[in-house]
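Undergrad: My questions concern the predicted model and sequence given below.
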Amino acid sequence: MEMEAIRYVNAPGLPAWFVSVRLLGGEPREGLLLRLWDRGVIPVTRLVERHVAPPFGQSVLAVGRTPA
């Protein structure tokens, strides 16, 4: 397999997760805050990250291709 791209995604998600889960002891779960995050922050993040590769993120996106 050949790697075509590998990069971080969802940069704002990492500090948000760290504060809510690690510092405040919360648990990831469904609810109003998550719906607001998904509808407000995520679309803006996707738009920005199409043009600027973040130096860190909550996830890593890897795209590979199997040679023919």
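TA: Arrived safely, thanks for sending.
Undergrad: Name the residues of the helix or strand residue 3 falls within that come out as buried.
TA: For residue 3, the host element (DSSP states H and E) is strand 2-9. For strand 2-9, burial by neighbour count (16 or more other CB atoms under 10 Å) applies to residue 8. Bear in mind the C-beta positions are built from the backbone N, C-alpha and C, glycine included.
Undergrad: CA atoms of that strand as CSV?
TA: What follows is strand 2-9, C-alpha atoms only, in CSV (Å, rounded to 0.1, in the frame of the first residue of the first chain):
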residue,chain,number,x,y,z
GLU,A,2,1.2,3.5,-0.9
MET,A,3,0.4,6.4,1.4
GLU,A,4,-1.1,9.3,-0.5
ALA,A,5,-1.8,11.5,2.5
ILE,A,6,-1.7,11.5,6.2
ARG,A,7,-2.6,14.5,8.4
TYR,A,8,-4.3,15.6,11.6
VAL,A,9,-8.0,16.5,11.6
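Undergrad: In the sheet, which strands lie alongside that strand, parallel or antiparallel?
TA: Here strand 2-9 has these sheet partners by DSSP bridges: strand 59-65 (antiparallel).
Undergrad: Now find how far off-centre the strand it pairs with is within its chain.
TA: In terms of CA atoms, centre = their mean, to the nearest Å, the centre of strand 59-65 is found 13 Å from the chain centre.
Undergrad: can you check stretch 40-53 too?
TA: That offset, for stretch 40-53, works out to 9 Å (CA atoms, centre = their mean).
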